[in-house]
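S.K.: compute the structure for the input listed below.
(one chain, ligands or ions: 1)
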Amino acid sequence: MDFSFSKEQVFFREQFTKTLNEIVAPHAATIDQEDAFPHEIFKKIGNLGYYGMRYPQEIGGMGADCTTFTIFAEELASVSISFAAIATMQCLMGTDFLFRFGNRDIKERVLIPAIRGEKIGTIAFTEPDCGSDLGAIKTRAIKKGDVYILKGRKLWITNAEVADFVTVVASVEPAKRINGLAFFLVEKGTPGFYTGQKIEKMSARGSVTGELIFDECTIPASNLLGEEGKGAQYLESILSEIRVMIAGLGIGLAKSAYRSAVMYSKQREAFGRSIGNFQLIQDKIAEMETRIRSAWLLTYYAAWLKDNGKQAKKEAAMAKLYSTETASFVVDQATRIYGSYGIAHEYPVERYFRDARFLLFGGGTSEILKTLIARECLKT
Ligand SMILES: Cc1cc2nc3c(=O)[nH]c(=O)nc-3n(C[C@H](O)[C@H](O)[C@H](O)COP(=O)(O)OP(=O)(O)OC[C@H]3O[C@@H](n4cnc5c(N)ncnc54)[C@H](O)[C@@H]3O)c2cc1C
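M.R.: From the prediction side, this is the model:
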């Protein structure tokens, strides 16, 4: 057994941490306060090539493995969940289907500029009436000659108001429910494609979330990504990677909250001693650290499985479940250690507390993940 990272992975973490400390960390609180997409920071990180992490060098990527991508997610989240949500969307869900199924024109005109941070991407499957249950998607795509006509509404879409392009999940055959889905590329400026309401939310602010409207939106048939009816299958094929990535986000956020709490427990005094001397505070610290380490082991084990071509469906689900629940637990404990200052804007733990909720939904809610894990367990 070997629990160490490779030299390249250690080097990547060091370099990326430096980059984040220079470019993102000084603005993390402002991004949260202003709840506006941080265009300049987005471009700077894009110029450095990070949105191409998972893609081959031939198209401007870094060809990184899943472990390195998890390190990327962990370090991002330790600085800013808001920016982590933006950057990971750009690296993974927002661009993956263009990379896999886009034709040459789509790759040159949309994907490569996105990798450079010149275009903003997103994915849209959630609707006002459905999230987990993809079979209930109502957005329709109807083929007419050499075009598709899209009609429907998407809600809770990351980057909705700023996205230059979106991978839309629509139904081509509603009777087939989940087996009737397909993916389409829709670009800003397409007739019948509008941005709707923005959702005011407490977590991942700055990663603006909102509504997209498709009203007889007409796109070329060549914007179909992959084949009709295979949408659910395509989504399933990257779900483990998405879950490991979000598990990485959970570790990063939890570590920041834990570190702040340990520091505070050494400084803050009550009854003539630092609060870290009280056993009940020590209990919290021990629990936090033990759970973070456990989440770390589950997460990097799942990443290792993926990097070694092994099946990681159950492990990725367990990693996402445990790591994101751990993040929620840790931020709660951290804010308790801070006492009343735990809810003050003065300290970042208050932001960590709010941001932890963001991790619980995308990539499968905890309830959905438990259902999946149990189903996998019962198969054996
Ligand atoms: C900040 C943010 C950004 C997002 N960005 C995007 C995006 O870019 N693109 C996109 O498409 N979506 C996005 N989403 C939506 C996200 O993917 C959904 O929230 C998620 O899929 C869950 O769907 P839902 O919220 O509609 O919950 P629902 O599916 O309605 O579930 C509600 C509750 O019921 C439970 N539940 C549902 N089914 C079952 C079951 N079978 N067994 C037990 N319990 C069940 C759930 O666990 C949950 O507790 C985003 C969400 C957030 C919060």
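
S.K.: I'd like to know how far the residue of the stretch 101-250 of the chain found nearest the ligand sits from T365.
M.R.: The ligand sits closest to G131 of the stretch 101-250 of the chain, with a gap of 1.9 Å, by C-beta to the nearest ligand atom. Glycine gets a C-beta too; all of them are placed from N, C-alpha and C. As for G131, its distance to T365 is 8 Å (criterion: C-beta to C-beta, to the nearest Å).

S.K.: next: P113.
M.R.: Taking C-beta to C-beta as the measure, P113 falls 33 Å from T365.

S.K.: then K43?
M.R.: With distances taken as C-beta to C-beta, K43 is found 33 Å from T365.

S.K.: before we move on, what about D355?
M.R.: 17 Å.

S.K.: residue ranges with poor pLDDT in the stretch 51-200 of the chain?
M.R.: Counting by pLDDT under 70, the stretch 51-200 of the chain has no low-confidence residues at all.

S.K.: interface residues of it facing the ligand?
M.R.: When proximity is defined as C-beta under 6 Å from any ligand atom, the stretch 51-200 of the chain approaches the ligand at 122-126, 131-133, 156-158.

S.K.: in strands only, show me the residues you listed.
M.R.: Using DSSP state E, 122-124, 156-158 are the members of these that sit in strands.

S.K.: name the member of those with the most neighbours.
M.R.: A124 (28 neighbours; other C-beta atoms under 10 Å).

S.K.: and that residue, what are its bridge partners?
M.R.: Beta-bridge pairing of A124 under DSSP bridges involves V168.

S.K.: might you report the residue contacts of it?
M.R.: With contact set as C-beta atoms under 8 Å, 6 or more residues apart in numbering, A124 has these partners: 154, 157, 160, 166-169, 212.

S.K.: farthest-apart pair in these, please.
M.R.: The span of the contacts of A124, defined through C-beta to C-beta, is set by A160 and V169 at 14.6 Å.

S.K.: these two: who's more crowded?
M.R.: Legend: neighbour count by other C-beta under 10 Å for A160 and V169, higher for V169 (26 against 23).

S.K.: all strands for the stretch 1-150 of the chain, in order.
M.R.: Under the criterion DSSP state E, counting those that start in this stretch, the stretch 1-150 of the chain contains strands at 121-124, 140-144, 147-158.

S.K.: what about the first one, distance to the chain center?
M.R.: The reference is to strand 121-124. 11 Å (C-alpha atoms, centre = their mean, to the nearest Å).

S.K.: equivalent analysis for stretch 193-209, please.
M.R.: Mean-position distance between stretch 193-209 and its chain equals 15 Å (C-alpha atoms, centre = their mean).

S.K.: ok, stretch 44-61 next?
M.R.: Worked out by C-alpha atoms, centre = their mean, stretch 44-61 lies 17 Å from the chain centre.

S.K.: what residues of it count as buried?
M.R.: Of the residues in stretch 44-61, 44-46, 49-55, 60-61 count as buried by neighbour count, 16 or more other C-beta atoms under 10 Å.

S.K.: grab the nearest non-local neighbour of F72.
M.R.: Nearest non-adjacent residue to F72, counting by C-beta to C-beta, 6 or more residues apart in numbering: M53, 5.9 Å away.

S.K.: R336 touches G342, doesn't it?
M.R.: Yes - look at R336 against G342 with C-beta atoms under 8 Å: they come within range, at 6.5 Å.

S.K.: more crowded one of the two?
M.R.: For R336 versus G342, neighbours defined as other C-beta under 10 Å are more numerous around G342 (21 against 14).

S.K.: my guess is that one contacts Q333. True?
M.R.: No - assessed by C-beta under 8 Å, G342 is found out of contact with Q333, at 9.8 Å.

S.K.: average pLDDT for stretch 297-315?
M.R.: Per-residue pLDDT values over stretch 297-315 give a mean of 97.

S.K.: how far does that stretch sit from its chain's centre?
M.R.: Taking mean C-alpha positions (C-alpha atoms, centre = their mean), stretch 297-315 and its chain are 18 Å apart.

S.K.: which residues does that stretch contact?
M.R.: Stretch 297-315 has contacts (C-beta under 8 Å, 6+ apart) with 65-67, 69-70, 239-241, 243-244, 247-248, 250-251, 316, 318-319, 322-323, 372-373, 376-377.

S.K.: thinking again about what came up before, looking at D355 and T365, which one has more neighbours?
M.R.: Using other C-beta under 10 Å, the more surrounded residue of D355 and T365 is D355, with 28 against 16.

S.K.: the more buried one: what secondary structure?
M.R.: helix (DSSP: H, G, I helix; E, B strand; the rest coil).

S.K.: now it: closest residue in space, sequence neighbours ignored.
M.R.: Leaving out its chain neighbours, the residue that sits closest to D355 by C-beta to C-beta, 6+ apart is I81, at 3.9 Å.

S.K.: I'd assumed F358 was in contact with the one you found.
M.R.: Yes - look at I81 against F358 with C-beta under 8 Å: they come within range, at 5.9 Å.

S.K.: what touches both of those two?
M.R.: Residues touching both I81 and F358 (C-beta under 8 Å, 6+ apart) are 203-204.
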